[in-house]
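# fold the following, please.
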Amino acid sequence: MKKVLMIVGSMRKKSFNRQLAAIAAELLRGKAEVSFLEYADIPYMNQDIEFPVPEEIARVREEVSGADGIWIITPEYNYSYPGVLKNLLDWLSRPTRMGAPRTETAIAGKKVTISGVGGKSATANVRVKLKDLLQFMQVDLMEECETGVALDMSAFQTNVLNLSEETKVSLQKQVDAFLKFMEG
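Take a look at the predicted model:
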């Protein structure tokens with residue numbers, strides 16, 4: 001069974017993106033082993049502390065290395081990715097040993113898919129920018145079947161993500177496509 005690692009771009013425990021990740025994990029149940037990357041404890045990327053590798057970074061890299069696929073589910077902050085997610089990706093983009101080529105990272109070559117929950121744009125801007133960044137990081141990016149969710153104002157009052165039937169279908173298509181993509 002393939003291992004899928006969910007990376008949520010929000011630290012908020014009840015974030016809409018964490019809720020979407022939980023729904024996707026449920027759709028993957030029995031088809032893939034799903035885990036969630038916890039990375040709130042990692043330090044800011046700083047070459048002064050890059051080697052020896054901080055313990056928190058070694059743990060994160062090990063989880064990423066052990067995954068067959070990475071599913072990034074992120075909000076859009078100011079038309080881009082959240083700083084916490086960028087910090088994580090900066091660490092993951094760095095070589096795993098001093099002097100190694102930039103292709104020798106925990107995430108290079110990993111199968112990756114992207115989703116997001118946000119405002120009217122349904123995270124379209126962050127998904128475009130994230131694709132550019134991830135391609136530079138040399139991941140194997142699944143470019144079709146992304147799921148973007150646009151929240152209505154009532155969601156902010158209830159703090160509950162309710163998916164339309166159309167979005168449920170889109171998410172199921174992404175799950176199926178990602179399972180197939182990981183096989184290739």
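# going by C-alpha atoms from here, please, whenever you check contacts or count neighbours.
Noted.
# stretch 106-113: how far from the chain's middle?
A distance of 10 Å separates the centroid of the chain from that of stretch 106-113, by Cα atoms, centre = their mean, to the nearest Å.
# which secondary structure element contains the spatially most central residue of the chain?
For the chain, Ile72 is the residue whose C-alpha lies nearest the centre (Cα atoms, centre = their mean; 1.5 Å). Using DSSP states H and E, Ile72 sits in strand 69-73.
# got the buried residues for the helix or strand just after that strand?
Next along the chain after strand 69-73, taking DSSP H and E as the criterion, comes helix 83-93. For helix 83-93, the neighbour count (16 or more other Cα atoms under 10 Å) marks 84-89, 91-93 as buried.
# ok, the strand holding Ile72: who's next to it in the sheet?
Sheet pairing of strand 69-73 (DSSP bridges) gives strand 2-8 (parallel), strand 111-118 (parallel).
# run through who's touching the longest one.
Taking Cα atoms under 8 Å, 6 or more residues apart in numbering as the criterion, the residues outside strand 111-118 that touch it are 16-17, 20, 68-76, 122-123, 127, 139-143, 146-151, 178, 181-182.
# weed out the non-buried ones from the residues you listed.
Applying 16+ other Cα under 10 Å to the contacts of strand 111-118 flags 16-17, 20, 68-76, 122-123, 127, 139-142, 146-151, 178, 181-182 as buried.
# before we move on, back to that, so the residue nearest to the centre of the chain makes contact with Val8?
Yes: between Ile72 and Val8 there is a contact at 5.9 Å, judged by Cα atoms under 8 Å.
# hmm, which helix or strand of this protein has the shakiest average pLDDT?
helix 153-158 (a mean of 89; mean pLDDT, DSSP states H and E).
# packing partners of that helix?
Other helices and strands packing on helix 153-158, by 3 or more Cα pairs under 8 Å, 6 or more residues apart in numbering; DSSP states H and E, are absent; none qualifies.
# identify the residues contacting it?
With Cα under 8 Å, 6+ apart as the contact definition, helix 153-158 has outside contacts at 161-162.
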